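Student: what follows is a protein structure lacking sequence information:
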DNA sequence: CGGAAGCTTGAATATGCTCAACACGGGTGG
DNA sequence: CCACCCGTGTTGAGCATATTCAAGCTTCCG
């Protein structure tokens, strides 16, 4: 983890917006978008930007939590582990998602950086006080929770009822929809934010099965793959058709 | 569906509690518990108790929704279906859960009565207005949503990473924890609110596999089964140990 | 260039699925 | 009252899909 320089002085050209927040990717679409100027200023005085390498643990299972965070960029994976080590990824969070389970003093899952991740850490007590005083903030967090619940249920169908190839197609489609891919001649392309191991843990498969399905998609010209990570999808429509 | 007699006159002995609500199982623990007396009275004037038989559809996928509901008793299953008919149960709701996705004009899933179910229907607009005016109600619904998200993620581990026998054990443990079982000498016993088909759709298995796992649990003396539906668990601790 | 980590491929195996037959229980009608 | 039927659940045999285990290949980085 690396702390990033945080300048708290006001920007003279944006008199009321804290300097740290001026160029923030998450200011408008994340939770900060619903804060009043004075609230944002107050919050920014307690916030801290941090940078994390892939694989780094952000929140541990059964660990005391003293801060929430906004994801500024990168992908965070939420995982659960069985006693014997079997692991399941139960959620992915992208910018500008809010990270952390509101009102819980202990986390019931692990949050790890899947890719390089930059967070804006927000003290637990400050956020909880803001939530109590600003109904718009509570509403925004409620909305995100409802969206996450919808996504979790959608994914339960994938886990419970889809075949290995449908699972991998669904995963690629999901990433293509989130990782703002660059449109190219004859398709869209993007970098996978997850390793094969993470993909397997997300899909409830083994890495070998995931790998074989990638190979199958390559052979049937649905995707091209470079360096194992960079994927080009010929047609999102075709990919969607393979999702079951 | 059968409409149940709804008496709107005030109960003289409970001057401020609507007659319909006096003996309601959900009044204190469901959403009604956070309403002021005048709000409860107003809401009760628009509420309607309905009774449903097992298998009856309560809310259809992609159907316009004009009412929410509180589950008074019975079990509601939330399902999603793939084009080719494969089905996945993505949630179970027990009394006094609130039923319906807030703020969505269309449902993205099916809600069906798994057992006999009694609902208290609440008009969409009335609830949404109450939510806007009563922060306690919003908070209560937020809490339920967070709980459902936790449960969904817990279940994703079961779907993605557990074996067939661990899945069935987990299901029995889940039901035993919700269906207020009667403690007996040497164990607890309860009725399954779901058919083998529903259980299979919940666990991402086939009915044959579910059936075989029940047989295995019977042969190894973990459970006793009567009439396919009535289950007695020797030891919840032992069962928990089989959940993976 | 060498080593390590991550990924792919192959062969053998196991777990859960498919298809088919049968059992059980509850309701209906002769 | 019994025969029959239908819905639901169980059991069995063979099969398919995904896993396991093992080897080899890329890619990255020193």
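Tutor: Thanks, I have the structure now. The model shown is predicted, which means the values in this text are computed figures rather than measured ones.
Student: for the nearest residue to residue A:78 once chain neighbours are set aside, give its distance to DNA strand C.
Tutor: Using CB to CB, 6 or more residues apart in numbering or on different chains and skipping the chain neighbours, the partner closest in space to residue A:78 is residue A:91 (4.0 Å). Placement of C-beta: from N, CA and C, glycine included. Residue A:91 sits 20 Å away from DNA strand C, taking CB to the nearest atom of the strand, to the nearest Å as the criterion.
Student: and for residue A:126?
Tutor: 36 Å.
Student: secondary structure class for that residue?
Tutor: helix (DSSP: H, G, I helix; E, B strand; the rest coil).
Student: so what's the residue nearest to residue A:60 when sequence neighbours are not counted up against?
Tutor: Among residues not flanking residue A:60 along the chain, residue A:110 sits closest, at 6.1 Å (CB to CB, 6+ apart). Contact partners of residue A:110, counting by CB atoms under 8 Å, 6 or more residues apart in numbering or on different chains, are A:57, A:59, A:60, A:61, A:78, A:79, A:80, A:81.
Student: buried ones among those?
Tutor: A:59, A:78, A:79, A:80 (16 or more other CB atoms under 10 Å in any protein chain shown).
Student: who are the contact partners of the residue lying closest to residue A:189 once chain neighbours are set aside?
Tutor: Counting by CB to CB, 6+ apart, residue A:189 lies nearest to residue A:232, which is 3.9 Å off, once chain neighbours are set aside. Applying CB under 8 Å, 6+ apart, we find residue A:232 in contact with A:184, A:187, A:188, A:189, A:223, A:224, A:225, A:226.
Student: what distance do you get for the fifth one to residue A:115?
Tutor: In other words, residue A:223. 20 Å (CB to CB, to the nearest Å).
Student: repeat that for the fourth one.
Tutor: According to CB to CB, residue A:189 stands 16 Å off from residue A:115.
Student: neighbour count winner among these two?
Tutor: residue A:115 (21 against 17; other CB atoms under 10 Å in any protein chain shown).
Student: look up how far DNA strand C lies from that one.
Tutor: Relative to DNA strand C, and taking CB to the nearest atom of the strand, residue A:115 is found at 12 Å.
Student: next, count neighbours for residue A:135.
Tutor: With other CB under 10 Å as criterion, residue A:135 counts 14.
Student: just the pLDDT at it, thanks.
Tutor: On the pLDDT scale, residue A:135 is placed at 92.
Student: the bottom helix or strand of chain A by mean pLDDT?
Tutor: Within chain A, no helix or strand scores below strand A:2-3, which has a mean of 68 by mean pLDDT, DSSP states H and E.
Student: and whichever strand or helix holds residue A:231, what's buried?
Tutor: In the assignment (DSSP states H and E), residue A:231 maps to strand A:230-233. Neighbour counts over strand A:230-233 (16+ other CB under 10 Å) mark A:231, A:232, A:233 as buried.
Student: let me see the mean pLDDT of that strand.
Tutor: 95.
Student: following it, which helix or strand comes up?
Tutor: helix A:236-241.
Student: is any part of that following helix close to chain B?
Tutor: No. Judged by CB under 8 Å from any CB of the partner chain, helix A:236-241 makes no contact with chain B; its nearest approach is 10.2 Å.
Student: again with stretch A:199-213
Tutor: Yes. Stretch A:199-213 lies within reach of chain B by CB under 8 Å from any CB, at A:201, A:203, A:204.
Student: wait, which of these is closest to residue A:126?
Tutor: residue A:201 (33.2 Å; CB to CB).
Student: got the contact list for that closest one?
Tutor: A:79, A:87, A:88, A:89, B:160.
Student: what kind of secondary structure is the fourth one in?
Tutor: When you say that, I think you mean residue A:89. strand.
Student: residues in contact with it?
Tutor: Contacts of residue A:89 (CB under 8 Å, 6+ apart): A:77, A:78, A:79, A:198, A:201, A:202.
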